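Student: Sequence first, predicted coordinates after that:
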Amino acid sequence: MDDRRRLTRPDAGLRDTWLAAYAEWPAGSHVDASGLRDGDDVRSPEGFAAWVAKLLGCADPGAPLPPGHVVHSTYWWITEGTSVLGSVELRHDIGHPLLLAAGGHIGYSVRPGRRGRGIATWALAATLDQARSRGLDRVLLTCSPENAASAHIIERAGGVLEDIRETAVGPKRRYWISC
């Protein structure tokens, strides 16, 4: 592992490297754990700064949730030096029915050009440490049944498969991990 790898809170100063990472996803695709919603302007410096402020505000349990968010979450970008490699979201609770069925506590994604290098494995371990520090004793993670790479990462982190179920967003493998 590169000792420069970090979970970094979203930072408008990383706009160029975040946009380079984002450009690797197919146009219009959903980027898990990014907090990016329809209508978010990440192309202009002002829009990007506003989006980063929104992500940072999602962690504050006393702040109102922005549109499209149903629970408070902490977002991080997976960085190595000044390069953004992906993103992680730790939901503070999963009291919303969709999150309990299909979303879970932790979501992550790695930019396509950097996959297969242990980055997601590292990021999940680091996020489990964060969950533990928040007082969570176990967390739910989900993935699509066809996502063998994510299932493997979750299982290697101690994930125990509860079930595979049909949800409002399609079938999901649901795993619990003790923190």
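Tutor: Nice, thanks for sending it over.
Student: okay, CA-based contacts and neighbour counts for the rest of this
Tutor: Noted.
Student: Could you identify the helix or strand that succeeds the lowest-mean-pLDDT helix or strand in the chain?
Tutor: Every helix and strand of the chain was ranked by mean pLDDT, DSSP states H and E. The lowest is helix 97-98, at a mean of 94. Downstream of helix 97-98, the next assigned helix or strand under DSSP states H and E is strand 106-110.
Student: what packs against that next one?
Tutor: Packing contacts for strand 106-110, counted by 3 or more C-alpha pairs under 8 Å, 6 or more residues apart in numbering; DSSP states H and E, involve strand 83-91, helix 119-133, strand 138-143.
Student: buried residues in stretch 53-69?
Tutor: Judged by neighbour count (16 or more other C-alpha atoms under 10 Å), stretch 53-69 contains these buried residues: 54, 55, 56, 57, 58, 59, 65.
Student: show me where pLDDT drops low in the protein?
Tutor: Along the chain, segments meeting pLDDT under 70 span 1-2.
Student: the strands in it, which residues?
Tutor: 5-8, 73-80, 83-91, 106-110, 138-143, 160-167, 170-178 (DSSP state E).
Student: Give me the angle between the fifth one and strand 83-91.
Tutor: The one in question is strand 138-143. Taking axes from the mean of the first three to the mean of the last three C-alpha atoms, to 10 degrees, one finds strand 138-143 and strand 83-91 inclined to each other by 120 degrees.
Student: Strand 138-143 packs against which elements?
Tutor: In terms of contacts (3+ C-alpha pairs under 8 Å, 6+ apart), strand 138-143 is packed against strand 106-110, helix 148-156, strand 170-178.
Student: ranking the ones you listed by burial, who's on top?
Tutor: Of those, the one with the most neighbours on average (mean count of other C-alpha atoms under 10 Å) is strand 106-110, at a mean of 23.
Student: partners of that strand, with directions?
Tutor: Here strand 106-110 is paired, per DSSP bridges, with strand 83-91 (antiparallel).
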